[in-house]
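# Sharing a model that was predicted from the sequence below.
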Amino acid sequence: MMQYGLDTNVLLRILISDDPQQADAARQFGAGFGKQYTGYITLISLLEMDWALRSQYGFARHDVVTAIGTLIRLRGVTVESHDLVLRALMQMEDANVDFADALIAARSLEAGCVSIKTFDKKAAARVPGMELLA
């Protein structure tokens, strides 16, 4: 079965109808997931999605978790580092941390890092594995 990478703007249109024509095209394409082809979502697209939903669309943290959670559960869609994404979403929801910080920490720890050095005091206090450099 063919697999297509999914850019952030396509993922946004699956969720948001700010451009009805693009939203319709994205949803029609999404209807073929798992039937005619599969979709692939990268970590970069998810990070960009988090940024866009919060900064451009005014989504609250909880709503971002719900939106990304919806996308990564779509039938016929594969998510890069799926378990890390789930872990980051849980931390985002439970510890009120940024998705990017949670994902950076989860990926670094998975790669065998002892800790993740940061200047972000909030992240160091809330994200497991992160610690202040200074």
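In hand now; what should we look at? Numbering: from 1, shown residues only.
# Tell me where the longest helix sits in this protein.
Using DSSP state H to define each element, the chain has its longest helix at helix 82-95.
# okay, the angle between the very next helix or strand once past that helix and helix 82-95?
Heading C-terminal from helix 82-95, the first helix or strand you meet, by DSSP states H and E, is helix 99-110. Per axes from the mean of the first three to the mean of the last three CA atoms, to 10 degrees, the angle that helix 99-110 makes with helix 82-95 is 130 degrees.
# Now stretch 3-20: buried residues?
6, 8, 10-16 (16 or more other CB atoms under 10 Å). Using the backbone N, CA and C atoms, a C-beta is placed for each residue, glycine as well.
# Show me these that map onto helices.
8, 10-15.
# Can you convert these into TSV and add a column each for distance to residue 41?
As requested, these are exported to TSV (distance: CB to CB, whole Å):
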residue	distance to residue 41
8	9
10	10
11	7
12	12
13	14
14	11
15	12
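# Specify which member of those residues is nearest to residue 54.
Lowest distance from residue 54 to those (CB to CB) belongs to residue 12, with 12.3 Å.
# With adjacent residues omitted, what lies nearest to the closest one?
Nearest non-adjacent residue to residue 12, counting by CB to CB, 6 or more residues apart in numbering: residue 52, 6.2 Å away.
# My guess is the one you found contacts residue 13. True?
No - contact criterion CB atoms under 8 Å: residue 52 and residue 13 do not qualify, at 11.3 Å.
# For residue 134, give me the pLDDT.
Confidence at residue 134, expressed as pLDDT, is 87.
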